[in-house]
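>>> what shape does this take:
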Amino acid sequence: MTLITTNVQCKIKNSFRVQQVAGMFDLPVNDSAQEQFEVDVPSTDEAWQIGAIVGPSGSGKSTVARAAFGDAFYQPGQWSRESAVIDGFGDLPIKQITRALTAVGLGSPPSWLKPYQVLSTGEKFRCELARALLRGTSLQTCLKASEARTSQEIRSTVVFDEFTSVVDRTVARVASAAVAKAIRGGHVGSRLVVVSCHDDILPWLSPDWVVDMAARTCTWNAAERRCLRRPAIRLEIVRAKRAAWRIFARHHYLSGSLSRAAQVFLAIWQDRPVALCAVVAMYGHKGRRRIHRLVTLPDFQGIGIGSALLDHISQLEQSRGQRVNITTSHPGVIAHCRGSP
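Alright, predicted model coming up:
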C-alpha cells in the first residue's frame, strides 16, 4: 500500500464579477485556489487484477489516479472517420484484436467493420476499452488467472478514467462484468484500474480493491482479498414466434434471413429480450438438430448470456434424444464450445 499525497492548485484572476461573487458569499479573494488529497492506494507490486477509484465529481479521483499510476493513465486517441474500427489497433495480430473486442462485450463482427463515428455510444465505449487494454497487453501469451494471482511476473497496468460515464447504467453494469470476466479469465493480459463517479458498477466489476475518495479510504474486498460476487443474472427462456427475429437480424454476423422451419427461443432478462437461438432439423441426419442462429444484443454481450442460452437449448434437445451441431467462426462461441459439457 502506498500513501498518495498530492496538491492541486490553480490561479484566480481577479475581476469585477469575482469581487461581486466574493462579496455575495463572503468569500476571501486569493491569488490561487488549492486542495490537498491524501489516501492509501495499492501499489503495482501487490497481487491484484482490478482496482476502482470512485467518488463524486471534484473529489480528486483522477488526480490521485495520475499520482499513483502515472504513465498507465489511458489517453483516448483519434479514430479514422473512414476506416473500420478493426483497423484502429495498430499492427497487433487480428486474433488478439478480435479476442479483446469480444472480451469487452463487443462481439458483433458487423460492428467491427464500421467506422468508429457511426457506432452507438456503448459500442464506442467498448472500442476505447479494448484499445486501452491492448495497449497494456504484451504480445506474449497471457497468464492464466490462477497464475496471475500468485506469479511475480506482473501484468501491465491500465488506468481508464470516466469509466462507464457516457453509457446508460444497464450497459455500464454489463460492460463492467464483461471486462472483469475477461481479465480474471486471462483473456486480457493487463490489470485495470477504473476511475468513475458511479459506484453501481462495483458489484459487477468485482474489483480487488476500492478507493473511495469521498471517505478517503481504501478497502480490499474481504479479509482474504477475494473479489465481490457478481449479482446473479436470471434468464427466462421462452419459445417465440419468428417475428422476434426482427430485433436481432442486423446484429447477426452471417445472413439476416431466418429459416421458415426454425424453432425460435428467446432469453429474457429483466422483462427484456436479450438473446435469440433458432434451431432447425439437420437434413440428411436423423436425430440431429442444428443451431441455425445465435445472437446476443450488443448491449448485453460479454457476460455469457449467449453461451448460457446455447447450453440450455442444447440440453433441451439432448433430453429429447437429439444431438446438436453448430457451425461457427465466432471466436467467443468457439472458445465456449471447447469447454462446454
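
>>> so residue 114 touches residue 84, yeah?
Yes: the pair residue 114 / residue 84 is scored as a contact, 6.4 Å apart, by CB atoms under 8 Å. Quick note: C-beta positions are derived from backbone N, CA and C, even for glycine.

>>> in the stretch 101-250 of the chain, which spans are helices?
Using DSSP state H, counting those that start in this stretch, the helices of the stretch 101-250 of the chain run over 109-112, 121-135, 145-148, 169-184, 202-205, 245-248.

>>> same list, those, but as TSV with mean neighbour count please.
Supplementary listing: these in TSV, determined by neighbours: other CB atoms under 10 Å:
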stretch	mean neighbour count
helix 109-112	18
helix 121-135	23
helix 145-148	14
helix 169-184	23
helix 202-205	21
helix 245-248	17
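
>>> just send those helices back as CSV, with mean pLDDT too.
Putting the helices of the stretch 101-250 of the chain into CSV (pLDDT from 0 to 100) gives the following:
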stretch, mean pLDDT
helix 109-112, 90
helix 121-135, 92
helix 145-148, 42
helix 169-184, 91
helix 202-205, 94
helix 245-248, 94
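
>>> out of those, which comes closest to residue 10?
Checking the helices of the stretch 101-250 of the chain against residue 10 by CB to CB gives helix 121-135 as the closest, at 28.0 Å.

>>> who wins for proximity to residue 97 among the helices of the stretch 101-250 of the chain?
When the helices of the stretch 101-250 of the chain are ranked by distance to residue 97, counting by CB to CB, first place goes to helix 121-135 at 7.0 Å.

>>> ok and that closest one relative to helix 169-184, angle-wise?
Orientation of helix 121-135 against helix 169-184 (axes from the mean of the first three to the mean of the last three CA atoms, to 10 degrees) gives an angle of 20 degrees.

>>> and helix 121-135, how far out from the chain's middle?
On the basis of CA atoms, centre = their mean, to the nearest Å, the separation between the geometric centre of helix 121-135 and that of its chain is 8 Å.

>>> which elements pack onto it?
Here helix 121-135 touches helix 94-103, strand 156-160, helix 169-184, going by 3 or more CB pairs under 8 Å, 6 or more residues apart in numbering; DSSP states H and E.
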